[in-house]
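*Asks:* What would the 3D arrangement of this be:
(4 chains)
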There are 2 protein chains.
Amino acid sequence: MDIKQTMDVRTLCLGALMGSEATGYEIRKMFEDGTFSHFQIASLGSIYPALTKLTQDGMVTFVEREQENRPDKKVYQLTSEGRRTFLRTLLQTRPGEDRYRSDILFMLTFAEELPVELTEALIDEFAARHEMTQIQIDPENPEKDNCPLAHGRDENGAPSPGCRFVAGLGQAMCEATLDFIRRNKDGLIEELRTRKDKKT
Amino acid sequence: MDIKQTMDVRTLCLGALMGSEATGYEIRKMFEDGTFSHFQIASLGSIYPALTKLTQDGMVTFVEREQENRPDKKVYQLTSEGRRTFLRTLLQTRPGEDRYRSDILFMLTFAEELPVELTEALIDEFAARHEMTQIQIDPENPEKDNCPLAHGRDENGAPSPGCRFVAGLGQAMCEATLDFIRRNKDGLIEELRTRKDKKT
DNA sequence: GTTAGACTATATCAGTTCGATATATGTAGA
DNA sequence: TCTACATATATCGAACTGATATAGTCTAAC
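*Replies:* Take a look at the predicted model:
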């Protein structure tokens, strides 16, 4: 029995279907805007092949659903085999390292070589994106309305403890980021300006 | 002139060489443990081909350096063309979205389905990893000694303002994460236990 | 003393994943 | 009317990861 080293897209799809049935498109939304958006990623180009493979392996089944004024859907659902496999995977997987990747922070590393206006714009963009994320994350309030977003809610629609914990953590990280920027942006900009003045 | 949407490994390598000459192995270390470790990733499997390509394109040159008691190195260095290209890329690139990926948080999302001991172990592991990261990040104190880690330091060895800002942000994020865990772990574990009791 | 594991160093490659694109249809706004 | 955007699936080249191979050294354990 081999122990997985990281979560592949197949496993992520099984997890996404734990909460409710969904189409490939909806699964992507869970990773793009929904429940998993701030800590996992999966693109359509990997989700669709994964669902095909999972169907072949008997982990999921799908029902083709015709829609008025919309293209047809394939609504996927976990089989009991799929559910068992997913839970077994959770138990047997040594979770991979966290990986955070930020082009903006990489660029800011070279702030001294950049026009000060660009640096400022980058920081503002960074803050704006984190504000957006913070709003998206909140498991209580948002669910704007339509969201099918599935997963992690009990009969009453309340999010599960695990989900609340993870969402809270995400919000705390966003808050810390925004707070840091509030406290340090002006200082950095000023320092960069004085350095540039000295040089000329 | 096409506007890049994300930083590819070639660009990352140019950035890594902005601070000083380095071998492929050392560049990887910058992304693994060093300056860039908490917000960018690049593996050897992509770094070496990137350096080969950059050499062909005249962006970098290398000197083969024989070593006593060690395999030979190729020490890479930016050309002025490479330097110019990198700075132009910074100006012309629309930075890609931040992407954070965490297997542990994904797993914790399903805490209710997991043995409580596993949940607790996952949280502890998560905390431990962030403590490690926090130590690695600090640009002032650590630099244990040997670190060639290059980049972002002036003549006196002081880190550049941009680097200090980014490092500080990284530390703030780690701190917020650890703080959140300190404040919420026990509550979660307790809630999970009571839920399990109710079920049986 | 020798052996296993870790570190330095480069290189390659299969498999996975991303990002872009194609196709089809509908709605909303300019 | 035209553009942009949303729903929905599917495919594919390009990029990247992770594992593996090679090769030599150093150190700590046994």
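
*Asks:* DNA strand C versus the most centrally placed residue in chain A, what's the distance?
*Replies:* Most central in chain A under CA atoms, centre = their mean is A:S37, positioned 1.9 Å from the mean C-alpha point. Using CB to the nearest atom of the strand, to the nearest Å, A:S37 is found at 13 Å from DNA strand C. (Each C-beta comes from the backbone N, C-alpha and C, glycine too.)

*Asks:* Run a quick check on that residue versus A:F31, I expect a contact.
*Replies:* Yes. With contact defined as CB atoms under 8 Å, A:S37 reaches A:F31; the gap is 6.2 Å.

*Asks:* Buried residues, the strand or helix carrying A:M30. List them.
*Replies:* Using DSSP states H and E, A:M30 sits within helix A:24-32. Going by neighbour count (16 or more other CB atoms under 10 Å in any protein chain shown), the buried part of helix A:24-32 is A:G24, A:E26, A:I27, A:R28, A:K29, A:M30, A:F31.

*Asks:* And for that helix, what's in contact with it?
*Replies:* With contacts defined as CB atoms under 8 Å, 6 or more residues apart in numbering or on different chains, helix A:24-32 is touched by A:12-13, A:16-17, A:22, A:36-37, A:40-44, A:47-48, A:51, A:73-74, A:76, A:148-151.

*Asks:* re earlier: where does the residue nearest to the centre of chain A fall, helix, sheet strand or coil?
*Replies:* In three-state terms, and counting by DSSP: H, G, I helix; E, B strand; the rest coil, A:S37 is coil.

*Asks:* Quick check: pLDDT value at it.
*Replies:* A:S37 carries a pLDDT value of 91.

*Asks:* so where's chain A shaky on pLDDT?
*Replies:* A:1-3, A:69, A:139-157 (pLDDT under 70).

*Asks:* the helices in it, which residues?
*Replies:* For chain A, the helices defined by DSSP state H cover A:9-17, A:24-32, A:44-56, A:80-92, A:103-108, A:116-137, A:161-199.

*Asks:* What is the burial count for A:E64?
*Replies:* 8 (other CB atoms under 10 Å in any protein chain shown).

*Asks:* Correct me if wrong: it contacts A:P71.
*Replies:* No. In this structure, A:E64 is not within contact of A:P71 by CB under 8 Å, at 11.1 Å.

*Asks:* Would you mind listing the residues touching both of the two?
*Replies:* Counting by CB under 8 Å, 6+ apart, A:E64 and A:P71 have no common neighbour.

*Asks:* circling back: from the contacts of helix A:24-32, which would you call buried?
*Replies:* A:12-13, A:16-17, A:22, A:36-37, A:40-42, A:47-48, A:51, A:73-74, A:76, A:149-151.

*Asks:* Spatially nearest residue to A:S43, not counting backbone neighbours?
*Replies:* Nearest non-adjacent residue to A:S43, counting by CB to CB, 6 or more residues apart in numbering or on different chains: A:R28, 7.1 Å away.

*Asks:* Check the spacing between the residue in chain A that DNA strand C sits nearest to and A:I189 real quick.
*Replies:* In chain A, the residue found nearest to DNA strand C is A:G45; the distance is 2.0 Å by CB to the nearest atom of the strand. Distance of A:G45 to A:I189, given as CB to CB, to the nearest Å: 40 Å.

*Asks:* Can you pick out the residue with more neighbours from these two?
*Replies:* A:I189 (18 against 10).

*Asks:* show me what contacts the more buried one?
*Replies:* A:V116, A:T119, A:E120.

*Asks:* How about A:F180?
*Replies:* By CB under 8 Å, 6+ apart, the neighbours of A:F180 are B:G168, B:L169, B:A172, B:M173.

*Asks:* just checking: which of these also lie near chain A?
*Replies:* B:G168, B:L169, B:A172, B:M173 (CB under 8 Å from any CB of the partner chain).

*Asks:* any idea how chain A splits into domains?
*Replies:* Taking automatic domain parsing as the reference, chain A has its domains at A:9-92, A:103-199.

*Asks:* do the first one and DNA strand D meet at all?
*Replies:* In other words, domain A:9-92. Yes. Using CB under 7 Å from any atom of the strand, domain A:9-92 reaches DNA strand D at A:23-26, A:29, A:44-45, A:48-49, A:51-52, A:67, A:70-75.
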